[in-house]
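Q: Mind looking at a prediction? Sequence and model below.
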Amino acid sequence: MQFSRRTALGLGAATAALAIGRPAEAAMSGPACIEATYQREKTKAGGTWHTHIAGVDATGVPMPIVEDDIDHVTQGYSVQKLAVATAVMDKIDRGELQLGQKLDLPADIILGGSGIYFLHTVWGDEITIANFLTAMLLVSDNTAVRMCGRVVPAAEINEILAAKGFTYTRVQPVANPNRFYLGTTTPREMHDLLWRLATKTLLSPASCTFLLSITRWINGYMDGVRRVMSSEERSRVATKYGADFNTLGASRHEAGIMFGPDGLPKLTYAMFAEALGDQDNYGSTHPAVQAHAKLGRAMMDNLPAGAPSATAIQAARAERLRPFVPVNGG
């Protein structure tokens, strides 16, 4: 058998890659690399995964890359805060609320867990709707969920989500009409919510921009998808994390949108993992969170080019956040 010089060099490179333990998917690119990384990391992390990852094709339409039990109805935990914020912004779009509208922050509404308001130790502030929406999405504040319930009761949240075409994305009402558990969603529906948010069709363009500006900001969640990224890359990822546990075990979820350097949405991910171990570990060393970080790097390195700006959907016109610049007081 005869080999060309090019073939011999290629075989040598492949042998060298194997010799240093380079993963097979490192030689791949595009959707194949993302899918291979997903399968590898899912297996390493364990548990039961329900995932939808999609990247845009040459016309700018999202096409599936990973479809893993995408219609499974699961507890969304804090990822559901995206749906709650959507309902609040829908009322703002209809003129029934305003971002600058103020509510008091009484002591009896304070919840622990994730967030900042319970750290105050004293309460009584008047805060705007914009304030508690920012806290809810940027640092996943749980008290902010109760604040949202004061302006959009549970039943109304579900009515708004149903009117927007979501069948399974719902909060779970309780006896108090202004309070609720965060409820359920599916990977498919969360993908749809994210894509419509990115293309400015979920809400008014201004409301979509407001929610995206919060979820893309680099003071938000960094342990998962955005962990191994530069500040510039992180600013191109809008993400929301959710973590809890139930009788199946630990749950670690993350869902979001990646934008290209041209400002256009390129990829969505909705990853819901349950029945996991390491239940009390909410840090970056949890196996599922480590999997999210590996996937984040693979997705960013293999973002599809998609349609050029001139032919992109008009509602998805380029969006570039102001770059992060440190400020030393003054």
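A: Sure thing, it's come through.

Q: nearest residue to Leu202 other than its sequence neighbours?
A: Excluding its sequence neighbours, the residue lying closest to Leu202 (Cβ to Cβ, 6 or more residues apart in numbering) is Arg196, at 3.7 Å. Every residue, glycine included, has its C-beta placed from N, CA and C.

Q: How much space separates the one you found from Trp123?
A: From Arg196 across to Trp123, the span is 36 Å (Cβ to Cβ, to the nearest Å).

Q: Surely the residue nearest to Leu202 and Ser207 touch.
A: No: applying Cβ atoms under 8 Å as the test, Arg196 and Ser207 come out as separate, 11.6 Å apart.

Q: When the two are compared, which one has more neighbours?
A: Between Arg196 and Ser207, Ser207 has the larger neighbour count (other Cβ atoms under 10 Å), namely 20 against 17.

Q: quick check, the more buried one in a helix?
A: Yes: assessed with DSSP: H, G, I helix; E, B strand; the rest coil, Ser207 lies in a helix.

Q: If I look at it, what pLDDT would I see?
A: Looking at Ser207, its pLDDT reads 98.

Q: what does the one 3 residues further on give?
A: Per-residue pLDDT puts Phe210 at 98.

Q: Convert stretch 149-159 to CSV, retaining C-alpha atoms only.
A: Extracted as CSV, the C-alpha positions of stretch 149-159 are listed here (Å, rounded to 0.1, in the frame of the first residue of the first chain):
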residue,chain,number,x,y,z
GLY,A,149,-46.0,37.6,42.3
ARG,A,150,-47.2,40.8,43.9
VAL,A,151,-47.6,42.4,40.5
VAL,A,152,-48.4,39.3,38.4
PRO,A,153,-50.3,36.6,40.4
ALA,A,154,-49.6,32.9,39.7
ALA,A,155,-52.7,32.3,37.7
GLU,A,156,-52.0,35.3,35.5
ILE,A,157,-48.4,34.2,34.9
ASN,A,158,-49.8,30.9,33.6
GLU,A,159,-52.4,32.7,31.4
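
Q: Helices of the stretch 101-250 of the chain, start to end?
A: Here the stretch 101-250 of the chain has its helices, by DSSP state H, counting those that start in this stretch, at 129-138, 142-151, 154-163, 187-198, 205-215, 231-234.

Q: ranges for the strands of the stretch 201-330 of the chain?
A: All strands of the stretch 201-330 of the chain, identified by DSSP state E, counting those that start in this stretch, fall at 237-246, 249-259, 265-276.
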